[in-house]
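Enquirer: please find the sequence and the predicted model below.
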Number of protein chains: 2
Amino acid sequence: MTIDPREMLRVALGQARTGLAEGGIPIGAALFALDGRLLGAGRNRRVQDGDPATHAETAAFRAAGRRPDYAGTVMVTTLSPCWYCAGLIRQFGIGHVVIGEATTFPGAHAWLADAGVHLLVLDDEECAELMRGFVRDHPALWREDIGG
Amino acid sequence: MTIDPREMLRVALGQARTGLAEGGIPIGAALFALDGRLLGAGRNRRVQDGDPATHAETAAFRAAGRRPDYAGTVMVTTLSPCWYCAGLIRQFGIGHVVIGEATTFPGAHAWLADAGVHLLVLDDEECAELMRGFVRDHPALWREDIGG
């Protein structure tokens, strides 16, 4: 990667903060090319659109449009991806994943590493604090978003 | 289940045929309650909407709207789910999956069975013929939809 992973994380974190301001679940993501070009960004849209199928990673993936190949892309997400989003990453062969934090939700990132995905977990305190506050204030909504 | 799985499959197959008529990838899905109520249906929308994130199962899941629990639901799909869609099923705890066919694409259904999902593969010849024809006529589009 030619740009600092923490710079890419700022884009995902900005999406998460926008989601929180909208009354939504504060998880954001962005898909980058390895040279640092932003291909697409998005955030969880369960509350905003009443759409349970759009997690942050799927929103970023959709925003990047149709592509024949994802090996040279980096999915950057504020939170360790759930099975749904990890499945997206694995199916489309996204080569690299940068994760803000994996402490408030363990996610399926170990499964991705086992499948050969290049993984970086940043242990970012801003990301963790954002999720801790959200889970404390909206436990039922959080349970709904991860299927119980 | 109180209704015939093949009746549910007709709904998913109808979605797949509509997708083909639209110039899209002919995979359809539907989410049912165990008592046979249709909760939502949809089809792959890569071509129609330029949306790589909407596979048939995610479309059906979205159409069913927000729900707190999926244990008593059945995801019916014309084709064995890819990792992305299998991840959706696993993350949200969808209890039952009915698959039209798993011969033209093996999918991740064995992984779901290992995770405790109740699985039924119908070996439906109409579903298989639909996919065989599509893969023969549009190999590049099919590769794109499953990430190469």
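Expert: The structure has been received and is ready for your questions.
Enquirer: spatially nearest residue to the residue nearest the centre of chain A, not counting backbone neighbours?
Expert: By CA atoms, centre = their mean, chain A has its centre lying nearest to A:T77, at 2.8 Å. In this structure, A:T77 finds its nearest non-sequential neighbour in A:A29, 4.2 Å apart by CB to CB, 6 or more residues apart in numbering or on different chains. Glycine gets a C-beta too; all of them are placed from N, C-alpha and C.
Enquirer: helix or strand for that neighbour, which one?
Expert: Element membership for A:A29 (DSSP states H and E) is strand A:28-33.
Enquirer: helices or strands up against that strand?
Expert: helix A:5-21, strand A:38-43, helix A:56-63, strand A:73-79 (3 or more CB pairs under 8 Å, 6 or more residues apart in numbering or on different chains; DSSP states H and E).
Enquirer: what about it, distance to the chain center?
Expert: 8 Å (CA atoms, centre = their mean, to the nearest Å).
Enquirer: then stretch A:40-48?
Expert: Mean-position distance between stretch A:40-48 and its chain equals 10 Å (CA atoms, centre = their mean).
Enquirer: any idea how many residues pack against the residue of chain A found nearest chain B?
Expert: Distances between chain A and chain B by CB to the nearest CB are smallest at A:G87, namely 2.4 Å. Neighbourhood size, A:G87 [other CB atoms under 10 Å in any protein chain shown]: 28.
Enquirer: how about it: what's its closest non-neighbour residue?
Expert: Spatial nearest neighbour of A:G87, excluding adjacent residues (CB to CB, 6+ apart): B:G87 at 2.4 Å.
Enquirer: give me the phi and psi angles of that neighbour.
Expert: Backbone dihedrals for B:G87, given as degrees, to the nearest 10, come out at phi -60, psi -40.
Enquirer: and it, how far from A:A30?
Expert: Per CB to CB, to the nearest Å, B:G87 is found 20 Å from A:A30.
Enquirer: what does stretch A:42-50 rub up against?
Expert: A:15-16, A:18-19, A:22-30, A:51-52, A:54-56, A:58-63, A:141, A:144-145, B:65-66 (CB atoms under 8 Å, 6 or more residues apart in numbering or on different chains).
Enquirer: switch to 6 Å and redo it
Expert: With contact meaning CB atoms under 6 Å, 6 or more residues apart in numbering or on different chains, stretch A:42-50 is reached by A:15, A:19, A:22-25, A:27-28, A:51-52, A:54-56, A:59-60, A:63, A:145, B:66.
Enquirer: now restrict those to buried residues only.
Expert: Taking 16 or more other CB atoms under 10 Å in any protein chain shown as the criterion, what is buried in the contacts of stretch A:42-50 is A:15, A:19, A:24-25, A:27-28, A:51-52, A:54-56, A:59-60, A:63, A:145.
Enquirer: closest to B:C127 out of the residues you listed?
Expert: Taking CB to CB as the measure, B:C127 lies nearest A:P52 of the buried ones among the contacts of stretch A:42-50, at 25.9 Å.
Enquirer: wait, what's in contact with the closest one?
Expert: Contacts for A:P52 (CB under 6 Å, 6+ apart) come out as A:R46, B:R66.
Enquirer: looking at this, it is in a helix?
Expert: No. Assessed with DSSP: H, G, I helix; E, B strand; the rest coil, A:P52 is coil; it does not lie in a helix.
Enquirer: what separation do you get for it and B:L9?
Expert: Counting by CB to CB - A:P52 and B:L9 are separated by 23 Å.
Enquirer: one more: A:D137?
Expert: According to CB to CB, A:D137 stands 42 Å off from B:L9.
Enquirer: between these two, tell me which one has more neighbours.
Expert: Between A:D137 and B:L9, counting by other CB under 10 Å, B:L9 is the more crowded of the two (25 against 9).
Enquirer: which ones are touching the more buried one?
Expert: B:V76, B:G100.
Enquirer: same deal with the one 4 residues further on?
Expert: Contacts were defined as CB under 6 Å, 6+ apart; by that measure B:L13 touches B:T78.
Enquirer: would you mind measuring from it to B:A108?
Expert: 21 Å.
Enquirer: ok, A:R67 next?
Expert: 22 Å.
Enquirer: tell me where chain A is predicted with low confidence.
Expert: Chain A contains residues with pLDDT under 70 at A:1.
Enquirer: chain B contacts on that one?
Expert: A:50-53, A:58, A:61-62, A:66, A:68, A:82-84, A:86-88, A:90-93, A:144, A:147-148 (CB under 6 Å from any CB of the partner chain).
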